[in-house]
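A.B. asks: Just need the structure, nothing else, for what follows:
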Amino acid sequence: MSMTKTLALLYLGLLWCREALSLGDLLRLVKEGHLPFINAFECLPEEMKLFGRDLYIFRVQSIPSYRAVHREAVCLALYLGLPCFPPLVPQCLLHPTLLTLRYLVLLNLP
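C.D. replies: Numbers count the residues shown, from 1 in each chain. Next up, the predicted model:
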């Protein structure tokens, strides 16, 4: 397991639950520090000492790219044998129409 795979697994969970967070939102939360990623080992309790390979897993130097996390998510979905996700209905916040509207509102265009 790696931290990139952890993000990919989190992304798959968000997709499966139909949460209104896209992969870009997830990476933004990591970049802004709302989601521990870089130096995540600092959030672990004192009694959990990291050593060996575990230390290298949790010591991350940079945030992975969108493409890297998406590729890991596809590989994990195939490895886990996840069934196809149900189709997006227009009421789902991940539907392209609602996502486009959301991004337009965020741009605050006149």
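
A.B. asks: which parts of stretch 10-30 are buried?
C.D. replies: Leu10, Tyr11, Leu12, Leu14, Leu15, Leu21, Ser22, Leu23, Leu26, Leu27, Val30 (16 or more other Cβ atoms under 10 Å). (Each C-beta comes from the backbone N, C-alpha and C, glycine too.)

A.B. asks: Could you identify the most distant pair in those?
C.D. replies: The most widely separated members of the buried residues of stretch 10-30, counting by Cβ to Cβ, are Leu15 and Val30 (16.7 Å).

A.B. asks: of all the buried residues of stretch 10-30, which comes closest to Ala40?
C.D. replies: Among the buried residues of stretch 10-30, Val30 lies closest to Ala40 (Cβ to Cβ), at 9.9 Å.

A.B. asks: Enumerate every residue touching that closest one.
C.D. replies: Leu7, Phe37, Ile38, Ile63 (Cβ atoms under 8 Å, 6 or more residues apart in numbering).

A.B. asks: which of the residues you listed are buried?
C.D. replies: Among the contacts of Val30, those buried by neighbour count (16+ other Cβ under 10 Å) are Leu7, Phe37, Ile63.
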